[in-house]
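>>> Sharing a sequence plus its predicted fold:
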Amino acid sequence: MTDHDIGIDYGMGITNRDANFHYGVISQHEVLQSWADSSEAIYPDPETCETCEGTGNAPFAIDANGRNNDGELCPDCNGEGTIIDENSEPMRFEYTVDGYQCFQSSDDSDIFITKSPYFTYCKYCSPCAPGAGDIMASNPAGIMTYCFGHDWFEDGKAPYPVYDCTNGLPVLP
């Protein structure tokens, strides 16, 4: 294997990339503490309460004009008008701060970085993510791929070279 072995672009130049950079893929285990501290869980949309039909008012306290005389809340949704399944699992996790746009599906351990202030050179992640870059497979002859900066790693240094997207210069830890 040579430095020029960057893999195959199964995305054919159009998938998992924007005009300048390929999307980065990294296992959550590489940045687990930072990801757990920073990402936000995204849950399914709540369902409209069928008991009060989304009004939040107790259905048995509604008068002929559709008003709640007693001011009582619906016992099924506690006046919220929607039902959130307390046992539901997140659909995904997201981080959209500091110039980053990243997400992780709840059934996948990989994080996709679709926007970042930083990039690195690496091999393709294909065929698992056609056109994206495997940022842990650093390769100086590889593709320009969005990545996490040094501060995402426990020792304060990324295990790959980090470059600034605005000027292409190396970013030191």
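On my side now, so go ahead.
>>> Which helix or strand contains Ile8?
Under the criterion DSSP states H and E, no helix or strand holds Ile8.
>>> average pLDDT for the one helix or strand Asp37 maps to?
Assigned by DSSP H and E, Asp37 belongs to helix 32-38. Averaged over helix 32-38, pLDDT sits at 94.
>>> what's next to that helix, contact-wise?
Helix 32-38 is touched from outside by Gln28, Phe93, Tyr95, Val97, Gln104, Ile111, Phe148, Asp151, Trp152, Phe153, Glu154, with contacts defined as Cβ atoms under 8 Å, 6 or more residues apart in numbering. Bear in mind the C-beta positions are built from the backbone N, C-alpha and C, glycine included.
>>> Format the residues you listed as a markdown table; extra columns: distance to Ala137, neighbour count and secondary structure.
As requested, those are exported to a markdown table (distance: Cβ to Cβ, whole Å; neighbours: other Cβ atoms under 10 Å; DSSP: H, G, I helix; E, B strand; the rest coil):
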| residue | distance to Ala137 | neighbour count | secondary structure |
| --- | --- | --- | --- |
| Gln28 | 17 | 16 | helix |
| Phe93 | 23 | 19 | strand |
| Tyr95 | 22 | 19 | strand |
| Val97 | 26 | 11 | coil |
| Gln104 | 19 | 20 | strand |
| Ile111 | 15 | 25 | strand |
| Phe148 | 15 | 25 | coil |
| Asp151 | 21 | 12 | helix |
| Trp152 | 17 | 22 | helix |
| Phe153 | 16 | 17 | coil |
| Glu154 | 20 | 10 | coil |
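>>> OK, contacts around Pro75?
Thr51, Ala58.
>>> Look at it and give its secondary structure.
coil (DSSP: H, G, I helix; E, B strand; the rest coil).
>>> residue ranges with poor pLDDT in this protein?
1-4, 59-71, 84-86 (pLDDT under 70).
>>> Which residue ranges make up the domains of it?
24-42+92-164, 44-88 (automatic domain parsing).
>>> tell me the most buried of those domains?
Greatest average neighbour count among the domains of the chain goes to domain 24-42+92-164 (a mean of 18), per mean count of other Cβ atoms under 10 Å.
>>> For that domain, what is the distance to the chain centroid?
Relative to its chain's centre, domain 24-42+92-164 lies at 10 Å (Cα atoms, centre = their mean, to the nearest Å).
>>> any chance of the domains of the chain in CSV, plus distance to Pro173?
Shown next, in CSV, are the domains of the chain (distance: least, Cβ to Cβ, whole Å):
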stretch, distance to Pro173
domain 24-42+92-164, 4
domain 44-88, 39
